[in-house]
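Asks: pasting the sequence and the predicted coordinates here, then a few questions.
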Amino acid sequence: QVQLVESGGALVQPGGSLSLSCVASGFTLDVYNIGWFRQAPGKEREGVSYIGTRDGSTFDRDSVKGRFTIDRDNAKNTVYLHMNSLKSEDTAVYYCAAGLFAFYSDYEPADDLFDYWGQGTQVTVSS
């Protein structure tokens, strides 16, 4: 069974740090591009960070650049999202997704390029 499972979501204070994990089962992640997305209450889902299969190239949305880092450990079939200097506006359910497509680090990939999605993990930034 193909599955992506996110974990690591929590309640954290503004300025704090958190790392999310996305573990794949039923398929190997190393040939897939991975994206982290988030959806806040009452808002549309948005892409946060992406990592390609080649050279670890990445794309981050402007609002998280310098604060969030995406990386992957293919041996563990896992992708991570390391989040620092968290802000209240980072509060959302975070999802990971995997897709097979040509990834270019200069462009944000469209959501419909991703084939597999996890169920999400809640991140709440609040004092």
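Replies: Ah, there it is.
Asks: need the contact list for residue 22.
Replies: By Cβ atoms under 8 Å, 6 or more residues apart in numbering, the contact set of residue 22 is 4, 5, 6, 34, 36, 78, 79, 80, 81, 96, 118. Any C-beta I mention is one placed from the backbone N, CA and C, and that applies to glycine too.
Asks: 10 Å instead, please
Replies: Neighbouring residues of residue 22 by Cβ atoms under 10 Å, 6 or more residues apart in numbering: 4-8, 29, 34-36, 70, 72, 77-81, 94-98, 118, 121.
Asks: for the residue most central in space within the chain, list the residues it contacts.
Replies: Note on the chain: the residue nearest the mean C-alpha position is residue 36, at 2.0 Å, using Cα atoms, centre = their mean. For residue 36, the contact set (Cβ under 10 Å, 6+ apart) comprises 6, 20, 22, 47-51, 60-61, 64, 68, 70, 79-81, 83, 94-97, 118.
Asks: ok, residue 71 next?
Replies: Contact criterion Cβ under 10 Å, 6+ apart gives 19, 34, 49, 51, 56, 58, 78, 79, 80, 81, 82 as the residues in contact with residue 71.
Asks: show me how to select, in ChimeraX, the buried members of these.
Replies: In ChimeraX, this line selects whichever of those come out buried by 16 or more other Cβ atoms under 10 Å:
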select :34,49,51,58,78,79,80,81
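Asks: can you say which two of the contacts of residue 71 are spatially most distant?
Replies: Taking Cβ to Cβ as the measure, the contacts of residue 71 span a maximum distance of 16.9 Å, between 19 and 56.
Asks: so among the contacts of residue 22, which ones count as buried?
Replies: Burial by neighbour count, 16+ other Cβ under 10 Å: within the contacts of residue 22 this picks out 4, 6, 8, 29, 34-36, 70, 72, 77-81, 94-98, 118, 121.
Asks: what number of residues lie near residue 43?
Replies: When counting by other Cβ atoms under 10 Å, one arrives at 9 neighbours for residue 43.
Asks: do residue 123 as well
Replies: Other residues near residue 123 number 22, with proximity taken as other Cβ under 10 Å.
Asks: where does it land in three-state SS?
Replies: Going by DSSP: H, G, I helix; E, B strand; the rest coil, the secondary structure assigned to residue 123 is strand.
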